[in-house]
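Asks: Please find the sequence and the predicted model below.
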Amino acid sequence: MKKILSVVLAGAMAASLASCGSSGSKPAATAAAGDTASSDGAAADAGSASGDLTWKIGAQGPLTGGAAVYGTAVINGAKIAIDEINEAGGINGYKVEYQTADDEHDQEKAINAYNSLKDWGMQILIGPTTSAPTIAVASEAVNDNMFLLTPSGSAVDCTATANAYRVCFSDPAQGAKSAQYIGEHKLATKVAILYDSSDVYSSGIYEAFVAEAANQGIEIVDTEQFTADSKTDFSTQLQKMQASGAELAFLPFYYTEAALVLTQANTMGFEPVFFGVDGMDGILDVENFDKSLAEGLMLLTPFAADADDEATVNFVTKYKEAFGDTPIQFAADAYDAAYIIKAAVEAANLTPDKSVDEIGTALEEQMKTVSYDGITGSGMTWNENGDVDKEPKAVVIKDGAYVSAE
Amino acid sequence: MYKKQLVRNDEVAKMMSFISYLLNGLSLGSVYAIIALGYTMVYGIAKMLNFAHGDILMVGGYTAFIAFNSLGLPIPVAILVSMVVCTLLGITIEKIAYKPLRQANSLSVLITAIGVSYLLQNLAQLIFSANPKSFSSFVPLKPVKLAGGQLTISGETIVTIVTCIIIVAGLVTFINKTKAGQAMLAVSEDKGAATLMGVDVNGTISLTFAIGSALAAIGGILLCSAYPTLTPTTGAMPGIKAFVAAVLGGIGSIPGAFVGGIILGVLENLAKAYISSKLSDAIVFSVLIIVLLVKPTGILGKKIMEKV
């Protein structure tokens, strides 16, 4: 029933475009339009009107509520990419229309947001932003075979359906990638780990790190935990890590605790290489934090706003001009998402007159062969699970700022 | 000969790390003890559990942070400002939230206290945002290195332990030697009889809240100096741990709060060091349960229970 509805909608859309069409140049589009809108006589002529056909790309995420910062970043990040794409002539020669919806980081509202975007005529979705809504929307959207690329849904289940792909690493992938990075760059062979055993994110990364460490010749000399109930005093854990002779301390948790850990390690003269993951991003923004404590801290993060490569500088400058903020990783993920869609659509030579179902099928196939260099990683490729494989960027803090570790 | 030397070095190193774990525990335990004093005094006098106590500590931390980092006041002035603000806050909370409920059953007061706790946390979040602030240590001492650098004792550890001992000694003297202290004892013994004997019960309760809150300010500053991240929930967990310490030591007893705090801190750190950092809380609370099963009034509770 839904499929029929979407075909009818697509037909209606093609028809409405046709009314203001001019003569087009893409014969392939004509044939395709004929297929999708066969029920509508006018639509058959619409195919020749490709000059005015547009892509309808939606984005969704929490724009209000506690997680608003993430959704806002995603929607703003994608907006910058889409403006750039339109300036440069659009996707496969067709301009892009962009519409957003607020899901309040709520699963029910995420479905509503998705439906309202679908009513608008969305063909491809950038989003949702957060994990739980992504899981909900992906399992709803699979019925329409709507292709969705979540910039930042990191839970494993976000890409469980065939139509869902992601730009960010999954939680376990970050742990494995960290171990690989440490092994390949020979940062250390003796590693001590401190993680939050009461947090899924932290323990997920920890488990994947341990599993991969064995393959990388990394010896884990000490493992220490803390919990949400006792995250004030880390001195005992740090002392044991120090006594274990670790050359590197892996800290897969958020920067609030990390600021404390670094201060206490400094007091006791524990100076290994400290290595964090994307949750560490933000440590330099802690008010009154002594940045010298973070000197030499490495973190594996897909994106650092302070990086000095041309693409990042361009994005950060435009983002600051448009929204007055320094973009966070979510914005960069969304920016890449728009360009990845462009790359996949052009590789599959799709045109906007195709149905949602056809676009979905084509993109799901195409994503497995697409390779993309973005600001959140170079050489991104995707597997059939929808998970990205990319070279993570490691940054190191030097003189109170992020610098690329390469 | 050489081998023997190595073995001895190894033993020395083990000994040094044990001392170091112990000192970490004493430092954390002293902070718990200072906070626990506030709980125990208020309980002794007003027979209520002031669950907002941990959050007054957080307010003390923020006040000191603003006074020192934003206004640039010298450290002693910043400490004083923080104590004054907390004292006024403590008295105000008592007057507005607890005094009208003095005749109500203890459950209502408990719920009110939890409400005040959330109110303070959320107000702090509104004013200071949830982003953490890094507290600059108020202790200018450099870490002391002993045994050829094998043992490092931070200035904060020394100051915290010393401050705690001074406070406990001072409080015990105050209660036993001064008129106001004797009035506190009288109120804790029997509120009705104390009134008949001409003791200003309301004034005494206010004084207790004032002292407890001023101590919370000191506890907050020491806590944030030793563990320098300040967030609106900074006081929540140490507050609960300190409450546990007060119960463990025997709630209502000042030496009990001290003993309970130290035991809790040392246990927590030794459990982390020698058993499992994951299970340290479980171990600490198991010990608490066992102690309370054996001695329901807490370690020092029996002798001077219900006294200040």
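Replies: Okay, I see it.

Asks: As a check, name the ranges of all strands in the stretch 201-350 of chain A.
Replies: A:219-226, A:248-251, A:273-276, A:298-300 (DSSP state E, counting those that start in this stretch).

Asks: Would you format those as JSON lines with mean pLDDT and distance to chain B included?
Replies: C-betas here are computed from N, CA, C, even on glycine. Conversion of the strands of the stretch 201-350 of chain A to JSON lines gives the following (pLDDT from 0 to 100; distance: least, C-beta to the nearest C-beta, whole Å):
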{"stretch": "strand A:219-226", "mean pLDDT": "92", "distance to chain B": "4"}
{"stretch": "strand A:248-251", "mean pLDDT": "94", "distance to chain B": "14"}
{"stretch": "strand A:273-276", "mean pLDDT": "93", "distance to chain B": "15"}
{"stretch": "strand A:298-300", "mean pLDDT": "87", "distance to chain B": "17"}
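
Asks: just the ones you listed: most buried one?
Replies: Burial of those is given as mean neighbour count (mean count of other C-beta atoms under 10 Å in any protein chain shown); strand A:248-251 ranks first at a mean of 26.

Asks: what's that one in contact with?
Replies: Contact partners of strand A:248-251, identified using C-beta atoms under 8 Å, 6 or more residues apart in numbering or on different chains, comprise A:178, A:182, A:187-188, A:190-195, A:209, A:241, A:258, A:261, A:265, A:270, A:272-276, A:280.

Asks: I figured A:K240 hits B:A273, correct?
Replies: Yes - because the distance of 6.4 Å satisfies C-beta atoms under 8 Å, A:K240 is recorded as touching B:A273.

Asks: Which residue is the nearest non-sequential neighbour of the residue of the stretch 251-400 of chain A found nearest chain B?
Replies: Proximity of the stretch 251-400 of chain A to chain B (C-beta to the nearest C-beta) peaks at A:F289, 3.9 Å away. With sequence-adjacent residues excluded and distances taken as C-beta to C-beta, 6 or more residues apart in numbering or on different chains, A:F289 is closest to B:S134, at 3.9 Å.

Asks: How confident was the prediction at residue 288?
Replies: Picked chain A for this. Per-residue confidence (pLDDT) for A:N288: 80.

Asks: if you could check chain B rather than the one you did, that'd help
Replies: What the model reports as pLDDT for B:L288 is 85.

Asks: Can you tell me, leaving aside adjacent residues, what's nearest to it?
Replies: Closest residue in space to B:L288, ignoring its immediate chain neighbours: B:L248 at 5.5 Å, by C-beta to C-beta, 6+ apart.

Asks: Quick one: list the elements packing against the helix or strand harbouring that neighbour.
Replies: Per DSSP states H and E, B:L248 falls inside helix B:236-249. On a contact count with 3 or more C-beta pairs under 8 Å, 6 or more residues apart in numbering or on different chains; DSSP states H and E, helix B:236-249 meets helix B:2-46, helix B:53-65, helix B:106-128, helix B:201-226, helix B:254-274, helix B:280-294.

Asks: Of those, which shows the lowest average pLDDT?
Replies: Across the helices and strands packed on helix B:236-249, helix B:2-46 has the smallest mean pLDDT, namely a mean of 83.

Asks: next one: that helix to chain centre, how far?
Replies: 16 Å (C-alpha atoms, centre = their mean, to the nearest Å).

Asks: cool, and stretch A:119-137?
Replies: Relative to the centre of its chain, stretch A:119-137 is centred 13 Å away, using C-alpha atoms, centre = their mean.

Asks: I'd like to know how many residues surround A:E321.
Replies: When neighbours are counted by other C-beta atoms under 10 Å in any protein chain shown, A:E321 registers 9.

Asks: Give me every residue in the stretch 201-308 of chain B lying close to chain A.
Replies: Contact residues, the stretch 201-308 of chain B versus chain A (C-beta under 8 Å from any C-beta of the partner chain): B:223, B:226-229, B:231, B:237-238, B:268-269, B:272-273, B:276-278, B:280-281.

Asks: The residues you listed, buried ones only, as a PyMOL selection?
Replies: Of those, the buried ones can be selected in PyMOL as follows, counting by 16 or more other C-beta atoms under 10 Å in any protein chain shown:
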select buried, chain B and resi 223+226+227+228+229+231+237+238+268+269+272+273+277+278+280+281
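
Asks: Which positions in chain A make contact with chain B?
Replies: Within chain A, the positions lying close to chain B (C-beta under 8 Å from any C-beta) are A:197, A:224-227, A:229-233, A:235-237, A:239-240, A:243, A:255-257, A:259-260, A:263-264, A:267-269, A:285-290.

Asks: now the one residue sitting closest to the centre of chain B: how far from chain A?
Replies: Centroid-nearest residue in chain B, with C-alpha atoms, centre = their mean: B:I35, separated by 1.5 Å. Plainly put, B:I35 is 12 Å away from chain A if you go by C-beta to the nearest C-beta, to the nearest Å.

Asks: do you know how far that residue is from B:G261?
Replies: 8 Å (C-beta to C-beta, to the nearest Å).

Asks: Spell out which residues are contacts of both of those two.
Replies: B:A242, B:A245.

Asks: helix/strand/coil for A:D373?
Replies: strand (DSSP: H, G, I helix; E, B strand; the rest coil).

Asks: Now it. Nearest residue, chain neighbours left out?
Replies: Once flanking residues are discounted, A:D373 sits nearest to A:G379: 6.4 Å by C-beta to C-beta, 6+ apart.

Asks: residue ranges of the helices in the stretch 1-150 of chain A, please?
Replies: Remark: helices assigned in the stretch 1-150 of chain A by DSSP state H, counting those that start in this stretch are A:2-18, A:27-36, A:41-46, A:68-87, A:107-120, A:131-141.

Asks: Kind regards, and thank you for your time.
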